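**Student:** Need coordinates for the following:
(chains A, B and C)
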Amino acid sequence: MSKELEREGIVVAMISALPAIPLSLGAHRVVRGVRVEHLCGDPNLNEERDRGLMYRIVQAALQAIQTPVTQPTLFDPADVSRKEAVHAS
Amino acid sequence: MRLEVATFEIKDARFGRQTSLRGGILELDKEELLKPVLQDQYVAKADLEIARPGESTRVVEYENVIEPKLKVDGGGNCYPGVCGRATEMVGSGKTHRLGGVAVVECLDLSNIAEAAPGESRQWGREHEEGEDKARRAVHHRFFDMRGPGAVTPYASLINICLIVKPVDGLAAQDQHYVSFSNSLKLADRLAELTRHLKPDRVETYDTTPKPGLPGVMYIPHLASTEPVVGAQGTYGTAVYGQVRLSAAWYLTGTEMLDGAVCGGGAGAVSGGGATWRMANNPIVESLWKRHAREANFIGCLIQRTNWTNQKEYRVAADRAAQLCLGLGVKGVILTTDIRGQRWVGTMLTLEACERAGIKTVLVTEEEDNEAGAAPPLLFAPPEFAAGISTGTGDVVGFEPVQHVIGTIGKAPEAWFNAIPPIHGRYGIAHVQDYFGFGKQSYADFFVPPALQRLG
Amino acid sequence: MVHYLNQFFAGLGGETANDTPLQSKDGAIGPGRALQQVLGKEGVVVATIYAGDDYFVSNQEASVEGVEGHLRKLRPDVVFAGPAFDAGRYGLACALVCKAAWEMGIPAVTGMHPENAGIAPYRQQVLAATTGDNPTEMVANLKTMVRLGLKLARSEQLGPAHVEGYLPTGIRRPYVRQEIGAEVAADMLLRRIAGKPFVSEIPATQYDSVAVPPPLKELQTTTVALITSAGLVPRGNPDQQSGSVPRRALVYDVSGKDRLTVDEWESVHSGFKGFIYNTVNPNYALPLPAVREAARKKLIKGIYPRIFTVVGGGCPVSDARRMGAGIAQELKREGVGAAILCST
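**Tutor:** Numbering: from 1, shown residues only, chains lettered A, B, ... in the order given. Next comes the predicted model:
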C-alpha cells in the first residue's frame, strides 16, 4: 500500500515490528516498531517512559520523512536522541 | 539412537462386541471404549464413529488426527508431554504403530458456553461474523473421505472419530484439553492391542552417521501459541509438551517418529493440528530414506515462530544457523506451518543459513497468483534460491455427502451440502500441505497473450 | 519460420552498426544457419529480419510496425528471435518482436538469460527459452527454442517453465508432479550440496520498484496523514469492517481528538494481535497523541483530520494496491505531503 502512496509522490514513513517485510517489498522509509501487539509503545513500561517511547517512534518517522534515501532504509527510534531531534527551523 | 518401528496394517475397523485386533481387523466395543471418556468430569457427551476411505463422509469439527502408537521398549510414551503425559525422552527401543488407521479428535462446541469474554477475545472469534465465520469454519475444520475435495492425507486412513462435547464454562484451552487427552488415551488403548502380536513389517532407524557423507537437517518453523495461552499453555503445537516460545529444540529423526512434536488444533494460531502430520512428516521420511546412503540425517531443529518482534526472530535465526554449522550440516530443508507475518521467522532462518554457507531448500504453500499480479511468496531474501511449492491450497470443490461425523447428534444440514471451490490464498487453511505430502504444486506457465485476454 | 537477429549476429559488425535500420533478407543469416540445422526437415527459415539494437530501441514504434509489415507478407508459422543471452537492448528488441508476432496470432520464441533486463516488462507476454550469458552455447539454446517453437506450431500444450526450460512468466497455475513435494525437496537439497544444477519450483521474485519520493525538508509546513493496518474501528464496528475480500479502507475524522480511547475504539484484526489495542491502548496502532505533540511543538503543520484504517493481515496484493491508490488520490487532492503508516 505504501508504494501506491509513494507513486503519487507522498513521502511515507512505515512503522513495522517486522521491518524485513516492508524493506524486502521495497518500502523506502521504514521505522522499527516495538511489537506486533503494541507497535508504537510498550505497556510494560510506566506511563512516562511509554509516552516517551511513542514520541521517539514518531520522531524517527518524521526524521525519515526528512531524510533522502536511495533504497529501502530502516530508521531506528533508538537512534533518536532524547533531545529534540527534529528541528523546527 | 536406534529405533525399531513395527507396523500393524489395519484393513478395516468395525463396531463389535469386544475391542480386539485379529487378522488386521480392528473390532471396537463402543460402550467399553466410551466408558472412560464419559467418566471424565469435564465431558458432557461423547460418541464414537468410523469414517472409511471412499465413503461419502465428511469429518467435521476435527482438531487432531492421531496415529495409535505404543512404546514397547526403550522408555517414555509416544506423544510425550502433552496432556500431562510423561516427558521421558522417546526415539529409541521399539515402537508399535497402527498403519492405515487414526483416532480423530472431534470437538463439538455447539451450544457450549465458553468461559469469560476476555478469554475468547484472544481467540478473535467474536469479531468473526457472517462470511468470515462461515469461511473459517468451513476451511479449517473438516475433511472429506471421497471425491475431488478429498485432498488431505486423512482421506486414505480409516478414521475412528471420538466426538467430545465438553461441559459448559471451560476456557477455550481447557475445552481442547478435554478432547485431546481423551483422544490420546483412546489411541493408546488401541495401540495396546498390538503388544503381543506379530507385526506386518519392522523398519529400523539408526541415527549413526556414515563417514564421508554430508550432514542434512530439517528445520520446521512451528508457530507457538504462547502469545495466546501463555508460556505454560496446554494448547498448541508442542515439543515434549512445550508450547512456549522457546529457543529451537534439537530432536533426532527417531524422536520425530515417536510423536515428540504433536498437538495444536484446527483453530490454533499454529495453523492446524500437528499430531499426525508431524509423526508422519514426509520430509522426515525422505531424509531417513537417504540417511547413511547419500547424506547423514543429523536430525531436526524445531524452530518456533510468533516472536512478534524482528530482533527476536533474528536471534532465533542466527542460533539455528550456528547450531547447524557446529553440527557440520551442509544443507537444510525449511518449512513453516502458517503464512503471513510469522513467515518472517522462516525467511530469516533461510537467510542466516545461506549466509553461513548452508544450502537451503524451502518447502511451502504459495500465495494466490492474482492472475500474474502477485508474487508466490509474501517476500523472500535475495539469498532464496530453491523452493518447492505445494500449491496455493486451492481445492476444486467438495461434493455433497451422505454422512457427517463430528457432532453429537446429527450435524447441521449445511455440512451435508456440496461446498464451493476454495480459491487458495493466505488465510485459507484447508489443504495446509506445509510438508510436501502431495504431488500438487504450482508452476510458471507461458499463456499465449490471446488466451490471457480471455481470462 | 522467420528469424530475428541484431546487427552483430547478422554479421554487420558490433557497435558501429548499431543504428542499422530494420530490414529483411531471404533465408538464414549467421546463427540462422545453425537454427536451420536444428530445425532440419521440420521447418524452413524463409527470411531473417534484422536491425541495429540502438535503432530498434530508439525507434520502437516504427520498428515494431516494420516487423509487423514483414510478418504480414511472410506469414510464418513461428518466429524465432535471438537468442539475446544477457544483452539488454537486444533482449528488448527480441521481446518486442515476439510480442508483435503473438499479437498477430503468430507463435514466437526467443532465448534469454534470466537477468536480461530487456524482457522484464514483457515476461508475461513473451516466451523465452532460458539461456546463459555465453554465445558459445548457441546451438544448445537454439535446440530449446526449436523444441518450444515446434510445440507451439503443433498447438501442443506447453508444460511449466521449470520443466520445459523457459523463463518464469509470473503467471502461475496448478501443476501436478510425478513425485511428492518432500521427495523433490530432498533431491533438490542433495543437488545443491553437490553443486549440481537445479531448478527451483518457486522463482526468486522481482518486486516492482517505485521511485523514492524526495524527502520533505520543511516539515513545519507539512500536513501528515495517519494510516493504520491494525483494523482500528469505533467500538462496536458500526461500519462492519472485516477481513474479507475485497478489502475496504475505512475513514474516520479525528479532529479535536488528542488520543484514541479504549472506550471508543477497538481493533478488529483477528486473534491475539488485537488484545492490547482493544483493552490497553489503541494509540499503539496509531500514535495520535505523539503526532499531536509534534504538531504542538510546531515540528509539523498538523495532522490530516481523516485517519484511514484497514485490516492488513493477508490482504491480497491487488486490494492493497487499490486501497493505497484511493488514499493516495485523496491525499494528493488535499495537499497532504506525507503519511505515517502503522503496519501490524
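
**Student:** Give me the distance between B:Lys30 and B:Leu48.
**Tutor:** From B:Lys30 across to B:Leu48, the span is 5 Å (Cβ to Cβ, to the nearest Å). For the C-beta atoms, the positions are set from N, CA and C on the backbone; glycine is no exception.

**Student:** likewise B:Cys353?
**Tutor:** B:Cys353 is 46 Å from B:Leu48, by Cβ to Cβ.

**Student:** Who has more neighbours out of the two?
**Tutor:** Higher neighbour count among B:Cys353 and B:Leu48: B:Cys353, with 26 against 20, using other Cβ atoms under 10 Å in any protein chain shown.

**Student:** mind listing what's buried in stretch C:321-328?
**Tutor:** Buried positions in stretch C:321-328, judged by neighbour count with 16 or more other Cβ atoms under 10 Å in any protein chain shown: C:321-324, C:326-328.

**Student:** need the helices for chain B, in chain order.
**Tutor:** B:30-39, B:117-123, B:130-140, B:172-192, B:226-229, B:253-257, B:275-279, B:282-290, B:310-326, B:343-355, B:449-454 (DSSP state H).

**Student:** Quick one: closest of the ones you listed to A:Leu39.
**Tutor:** Among the helices of chain B, helix B:310-326 comes nearest to A:Leu39, with 12.1 Å by Cβ to Cβ.

**Student:** ok, which stretches of the stretch 51-200 of chain B are strands?
**Tutor:** B:57-60, B:62-66, B:69-73, B:93-99, B:101-107, B:142-144, B:158-166 (DSSP state E, counting those that start in this stretch).

**Student:** same for the third one, what does it pack against?
**Tutor:** To tie it back to what came earlier, the one meant is strand B:69-73. strand B:93-99, helix B:172-192 (3 or more Cβ pairs under 8 Å, 6 or more residues apart in numbering or on different chains; DSSP states H and E).

**Student:** Pull up the pairing partners for that strand, direction included.
**Tutor:** According to DSSP bridges, the neighbouring strands of strand B:69-73, each with its direction, are strand B:93-99 (antiparallel).

**Student:** For the partner strand, give me every contacting residue.
**Tutor:** B:3-10, B:26, B:67-75, B:78, B:190-191, B:194-195, B:199-200, B:257-258 (Cβ atoms under 8 Å, 6 or more residues apart in numbering or on different chains).

**Student:** So how do I select the buried members of the residues you listed in ChimeraX?
**Tutor:** ChimeraX command restricting these to the buried ones, with burial defined by 16+ other Cβ under 10 Å:
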select /B:3,4,5,6,7,8,10,26,67,68,69,70,71,74,78,190,191,194,199,257,258
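
**Student:** out of the buried residues of stretch C:321-328, which touch chain A?
**Tutor:** Contacts with chain A within the buried residues of stretch C:321-328, counted by Cβ under 8 Å from any Cβ of the partner chain: C:321, C:323-324, C:327-328.

**Student:** right, and the pair among these with maximum separation?
**Tutor:** For those, with distances taken as Cβ to Cβ, the pair at the greatest spread is C:Arg321 and C:Ile327 (11.0 Å).

**Student:** Show me whatever sits in contact with both of those two.
**Tutor:** Residues touching both C:Arg321 and C:Ile327 (Cβ under 8 Å, 6+ apart) are A:1, A:4.

**Student:** Mean pLDDT for the helices and strands packed on strand B:69-73 - can I get that in JSON lines?
**Tutor:** Output for the helices and strands packed on strand B:69-73, formatted as JSON lines (pLDDT from 0 to 100):
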{"stretch": "strand B:93-99", "mean pLDDT": "98"}
{"stretch": "helix B:172-192", "mean pLDDT": "95"}
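
**Student:** Go through these and name the closest to A:Ala78.
**Tutor:** With Cβ to Cβ as the measure, helix B:172-192 is the member of the helices and strands packed on strand B:69-73 nearest A:Ala78 (36.1 Å).

**Student:** tilt between that closest one and strand B:101-107?
**Tutor:** Counting by axes from the mean of the first three to the mean of the last three Cα atoms, to 10 degrees, helix B:172-192 lies at 160 degrees to strand B:101-107.

**Student:** Please list the members of the buried residues of stretch C:321-328 that lie in strands.
**Tutor:** Of the buried residues of stretch C:321-328, none are assigned to strands by DSSP state E.

**Student:** which of those lies closest to chain A?
**Tutor:** When those are compared for distance to chain A (Cβ to the nearest Cβ), C:Gly324 comes out closest, at 2.9 Å.

**Student:** burial of the closest residue to chain A within the stretch 51-200 of chain C, as a residue count?
**Tutor:** Relative to chain A, the nearest point of the stretch 51-200 of chain C is C:Ala120 (14.9 Å; Cβ to the nearest Cβ). Residues contacting C:Ala120 under the criterion other Cβ under 10 Å number 14.

**Student:** For it, grab phi and psi.
**Tutor:** With angles defined as degrees, to the nearest 10, C:Ala120 sits at phi -50, psi -50.

**Student:** Check it and give its pLDDT.
**Tutor:** Model confidence at C:Ala120, expressed as pLDDT, equals 88.

**Student:** Kindly report the same for B:Lys133.
**Tutor:** Looking at B:Lys133, its pLDDT stands at 52.

**Student:** With C:Asp239 instead?
**Tutor:** Confidence at C:Asp239, expressed as pLDDT, is 88.

**Student:** Does it belong to a helix, a strand or coil?
**Tutor:** Secondary structure, DSSP: H, G, I helix; E, B strand; the rest coil: C:Asp239 is coil.

**Student:** from memory it sits against C:Val233, does it?
**Tutor:** Yes - using Cβ atoms under 8 Å, C:Asp239 is in contact with C:Val233, at 6.7 Å.

**Student:** if I look at the residue nearest the centre of chain C, how far off is chain A?
**Tutor:** In chain C, the C-alpha nearest the mean C-alpha coordinate belongs to C:Asp208, at 5.6 Å (Cα atoms, centre = their mean). The gap separating C:Asp208 from chain A is 8 Å, by Cβ to the nearest Cβ, to the nearest Å.

**Student:** Three-state assignment for that residue, please.
**Tutor:** Following three-state DSSP, C:Asp208 is assigned to coil.

**Student:** for chain B, what are the nearby residues on chain A?
**Tutor:** So chain A meets chain B at A:17-21, A:24-25, A:32, A:34-37 (Cβ under 8 Å from any Cβ).

**Student:** Tabulate the strands of the stretch 51-200 of chain B in a markdown table, adding columns for distance to B:Thr87.
**Tutor:** Converted to a markdown table, these look like this (distance: least, Cβ to Cβ, whole Å):
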| stretch | distance to B:Thr87 |
| --- | --- |
| strand B:57-60 | 30 |
| strand B:62-66 | 18 |
| strand B:69-73 | 13 |
| strand B:93-99 | 16 |
| strand B:101-107 | 21 |
| strand B:142-144 | 31 |
| strand B:158-166 | 24 |
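
**Student:** what does stretch C:198-206 rub up against?
**Tutor:** Contacts of stretch C:198-206 (Cβ under 8 Å, 6+ apart): B:362, B:364, B:366, B:375-377, B:380, B:382, B:384-389, B:441-444, C:120, C:161-162, C:168, C:184, C:188, C:191-192.
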